[in-house]
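Participant: My questions are about this predicted structure, shown below with the sequence.
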Amino acid sequence: MQRLETADDGQFEDYLTGCYLTMLRLGTPTREGLLHAGLDHQDIDQATAILASRHLISPLGDGTWEIVPPETALPRLAGALEARARSTRATAGELGAMWRQSMTDPAEATLMGVEMLRSIDQVVHAAHALVASAEVRIRQFMDDSPASLRLIRDDPLVLGRPQIPLSAITLVVDVALFVHDDVLATLEAAAGAGVRIAVADGLPFSGLIVDDKTALVDLSRHDARADGSFVVRRLPAVAALAAMCDIAFELSTPMGPTLAIRSGEAEGAPLEERDRRVLSLLASGATDQQISRSLGVSTRTVERRVAYLMQGLAAATRFQAGVQAARRGWI
């Protein structure tokens, strides 16, 4: 058996597990029994001390140990590890803030509860750290900023995998993002997985609000270096950004209803499936080329169907046709 002193982190835990299983098989483990099983004297001292600190065994003082019933010991150990993991996630944002602050000019004036971000990388890293710390709810709104595009492309379900249900995520995206070919498919996959997504037109900047405690403001669309972006932990500012996100969501066109109709969970207008799909993509702000690729038809066919649907809805613009169809419950 490999010695503990030469083991890396993964091998170290494997050794402890092997030692614990050996002690379980022995029933009432003794030093003699562990030596006979191939363990080294020094490794026995170290391994049993760690197992005792985890409350898996209890020393009896005469070279023997008592096994704490696994039905009691293991759930208790798992609970302690889970609590430590939650604490680690919760402090990640604060530690990241400390690190980023250390990288700024010490002569620069700072405002209590506000952490300035100086690059797109810092915006992206701060956003991921905040999402990882979420325990209740995430609100996010995205304009066509470099940081927003990075975050959407980082993960098919948008912004990594937080420790909360996807249904607790509210996302408002600006229609301008759909000029990027991969964005629409990514967001549709996220909406299908349960993220609440709505499409807006003309968002002035991007923001992220986590648990009504912390918010991030992304200004990278207005400055190539994202200079001026910041994380804020002052509750009035966080509440104001959360309220703005809620209003933007209510005034925007949801992506969800179309998915419900396509899956048979809701009733729509007496339209062909293809026309409902065209209207859905119009409401999302997709171009004719994006719609044609999604439907597998020619761009000319899409142009004809769009003109026909706009006329039927008396819509002056393509986006307006999609919005009106959504309001009528057609998609």
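Facilitator: Looks like it came in fine. Numbers count the residues shown, from 1 in each chain.

Participant: which strands and helices sit next to the strand or helix carrying residue 281?
Facilitator: According to DSSP states H and E, residue 281 maps onto helix 273-283. Helices and strands touching helix 273-283, as assessed by 3 or more Cβ pairs under 8 Å, 6 or more residues apart in numbering; DSSP states H and E, comprise helix 256-262, helix 288-295, helix 299-313, helix 318-327. Where C-beta positions appear, they are placed from N, C-alpha and C, glycine not excepted.

Participant: With just CA atoms, put the longest one into CSV.
Facilitator: Looking back up the chat, that one is helix 299-313. What follows is helix 299-313 as a C-alpha-only set of coordinates in CSV (Å, rounded to 0.1, in the frame of the first residue of the first chain):
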residue,chain,number,x,y,z
THR,A,299,-34.5,32.8,-46.8
ARG,A,300,-36.9,33.7,-49.6
THR,A,301,-39.6,31.4,-48.0
VAL,A,302,-39.0,33.1,-44.7
GLU,A,303,-39.4,36.6,-46.2
ARG,A,304,-42.7,35.6,-47.8
ARG,A,305,-44.1,34.2,-44.5
VAL,A,306,-42.9,37.2,-42.5
ALA,A,307,-44.6,39.6,-44.9
TYR,A,308,-47.8,37.5,-44.8
LEU,A,309,-47.8,37.4,-41.0
MET,A,310,-47.0,41.1,-40.6
GLN,A,311,-49.9,42.0,-42.9
GLY,A,312,-52.3,39.7,-40.9
LEU,A,313,-51.3,41.3,-37.6
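
Participant: got the angle for that helix vs helix 288-295?
Facilitator: Computed by axes from the mean of the first three to the mean of the last three Cα atoms, to 10 degrees, the angle separating helix 299-313 from helix 288-295 equals 100 degrees.

Participant: And the contacts of helix 299-313?
Facilitator: Contacts to helix 299-313, defined as Cβ atoms under 8 Å, 6 or more residues apart in numbering, come from residues 274-275, 278-279, 282, 288-289, 291-292, 295, 315, 317-318, 320-321, 324-325.

Participant: List buried residues within those.
Facilitator: 275, 278-279, 282, 288, 291-292, 295, 315, 318, 321, 324-325 (16 or more other Cβ atoms under 10 Å).

Participant: got the residues you listed as TSV, with pLDDT columns?
Facilitator: Formatted as TSV, the entries for the buried ones among the contacts of helix 299-313 read as follows, by pLDDT from 0 to 100:
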residue	pLDDT
275	81
278	85
279	83
282	79
288	85
291	85
292	85
295	82
315	74
318	79
321	80
324	71
325	75
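
Participant: What angle do helix 288-295 and the helix holding residue 281 make with each other?
Facilitator: Between helix 273-283 and helix 288-295, the angle formed by their directions is 140 degrees, by the same axes, to 10 degrees.

Participant: picking that back up, can you tell me which of the helices and strands packed on helix 273-283 is packed in deepest?
Facilitator: Between these, the one whose residues have the most neighbours on average, counting mean count of other Cβ atoms under 10 Å, is helix 318-327 (a mean of 21).

Participant: Please name every helix or strand in contact with it.
Facilitator: Other helices and strands packing on helix 318-327, by 3+ Cβ pairs under 8 Å, 6+ apart, are strand 253-254, helix 273-283, helix 299-313.

Participant: which of these has the lowest average pLDDT?
Facilitator: Least confidently modelled of the helices and strands packed on helix 318-327 is strand 253-254, at a mean of 73 by mean pLDDT.

Participant: domains of the chain?
Facilitator: The record assigns the chain these domain ranges, following automatic domain parsing: 4-68, 90-254, 257-327.

Participant: out of those domains, which comes closest to residue 77?
Facilitator: domain 4-68 (5.5 Å; Cβ to Cβ).
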